[in-house]
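Student: got a sequence here, can you build the structure:
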Amino acid sequence: MKIAYFDCFAGAGGDMILGALMDAGVEAEYLKAELAKLHLSHFDLRKEEAVKKGIRGTQAIVIVDDEHHSHHHRHLSDIRDIIEKSDLKESVRRKSMAIFMRLAQAEAKVHGIDIEDVHFHEVGAMDAIIDVTGSVAGLDALGIEKIFCSPLHVGSGTVKCAHGILPVPAPATAELIKGIPVYSTGVQGELLTPTAAAILTTLCSEFGHIPAMTIERIGYGAGTSDPAIPNLLRLCIGESVEQVKDYETEQIAVIETNIDDMNPQFYDYLMQKIMTSGAMDMFLSPVQMKKNRPGTLITVLCPRNKVETISDFLMRESTTIGVRWRIDNRIKAQRSIRTVQTPYGAIRVKLAQVSGEVINISPEYEDCKRAAIEHNVPIKDVADQARRAYSEK
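Tutor: Modelled structure (predicted):
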């Protein structure tokens, strides 16, 4: 599995992420072609070599026409409109929008306003759009399947911004990094920007030491300032070697809570909301609770950076008054989705593979349900045809 590890020994900025990607092999012309799909004008992206404390890297330089973009006030709805109307790949649009949503949620909480009222400051908004969509497109171009990150070096002291002089990390950044391992060594200044924090906390699955991997490429993205340490973001790209007999392994968060006093009709609502908020899976188990009351054990599997969001939702919208969570190790087969043609139309099938061998074929339920209703045939016949269609390919 192709993985990436961001080593944030000097923090990170959106431009540093772009620079690290270009230094690791993503062509600047490719990124410019991808950014052109946003249908925006009066900006440019170029790269320059930079040396920080004796270590060379690539500096991404975003050039924005201040006069043109100072007339464009951007709220979340404006950015959503730009991204959704772009010609970027669906996965790039989806991930880019998830980053902006997370950034807007943090800003809204800090300023005590509605998320749709968050104002991305004119020129800075254009910088953020380029940093975010460019970073997602660059990682996609490298074929990265999973992203890891070191603990985040945030800096110290104060930073001057549109709202005045604020403490480091800036309030929005502090909101974004809740639940994430961070540290400061006393280096003065803002090392971690809100845009970079939003990108990393949205895209990275785990934060900690470098995972077991065979490193193939290393890229250094240079920042603009010159603190006491080399102002560089290191990106390591390679193949994961942390496998158990050819299976993939990963760490996931497990959230649990027991409920015995909630209307059972509400479970459908809870499951839909939790699954759309970033959970990997959710299931319900019958349990016998104190005083012999029948209850339900809610179990949610999710990335570690979703623990706070999902726990907060359970506390606010179910009848529980407490949740527990832990980190579990998981062994899994490689998974992929293919579309096959059947007498009942196109059906997606989920494949489980080990060392290239397909060990399980699972037709997508919703596709089978739709086809069964449209053609008035048993759903099991649709599923059988889908399996047969893949096996005969």
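
Student: quick one: pLDDT of Glu122?
Tutor: With respect to pLDDT, Glu122 scores 39.

Student: no no, Tyr344
Tutor: 95.

Student: what's the burial count for the residue nearest to it when sequence neighbours are not counted?
Tutor: Distances taken as CB to CB, 6 or more residues apart in numbering put Ala371 closest to Tyr344, at 3.9 Å, once the chain neighbours are dropped. Placement of C-beta: from N, CA and C, glycine included. Neighbourhood size, Ala371 [other CB atoms under 10 Å]: 23.

Student: is Ala371 part of a helix or strand, or is it coil?
Tutor: The three-state label given to Ala371 by DSSP: H, G, I helix; E, B strand; the rest coil is helix.

Student: what sits against it?
Tutor: For Ala371, the contact set (CB atoms under 8 Å, 6 or more residues apart in numbering) comprises Thr342, Tyr344, Gly345, Ile347, Val377, Val382.

Student: mind naming the longest strand for this structure?
Tutor: In the chain, taking DSSP state E as the definition, the longest strand is strand 247-259.

Student: mind giving me the packing neighbours of that one?
Tutor: Using 3 or more CB pairs under 8 Å, 6 or more residues apart in numbering; DSSP states H and E, the elements in contact with strand 247-259 are strand 294-302, helix 307-317, strand 324-332.

Student: what angle separates it from helix 307-317?
Tutor: Angle of strand 247-259 versus helix 307-317, following axes from the mean of the first three to the mean of the last three CA atoms, to 10 degrees, is 20 degrees.

Student: dump the helix or strand just after strand 247-259 to PDB, restricted to CA.
Tutor: Where DSSP states H and E defines the elements, the next helix or strand beyond strand 247-259 is helix 266-275. The C-alpha atoms that make up helix 266-275 are tabulated as PDB, following Å, rounded to 0.1, in the frame of the first residue of the first chain:
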ATOM      1  CA  PHE A 266     -34.000   6.900  17.000                       C
ATOM      2  CA  TYR A 267     -31.300   4.300  16.200                       C
ATOM      3  CA  ASP A 268     -31.800   4.600  12.500                       C
ATOM      4  CA  TYR A 269     -31.300   8.400  12.700                       C
ATOM      5  CA  LEU A 270     -28.200   8.000  14.900                       C
ATOM      6  CA  MET A 271     -26.700   5.500  12.500                       C
ATOM      7  CA  GLN A 272     -27.300   7.700   9.400                       C
ATOM      8  CA  LYS A 273     -25.800  10.800  11.100                       C
ATOM      9  CA  ILE A 274     -22.700   8.900  12.500                       C
ATOM     10  CA  MET A 275     -22.000   7.100   9.200                       C
END
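
Student: can you pull out the helices in this protein?
Tutor: Secondary structure of the chain, counting by DSSP state H: helices at 14-23, 28-36, 66-69, 76-84, 90-111, 122-141, 171-176, 194-203, 266-275, 307-317, 365-375, 379-391.

Student: give me whichever of those is most buried.
Tutor: With neighbours taken as mean count of other CB atoms under 10 Å, the helices of the chain reach their highest mean count in helix 14-23, at a mean of 28.
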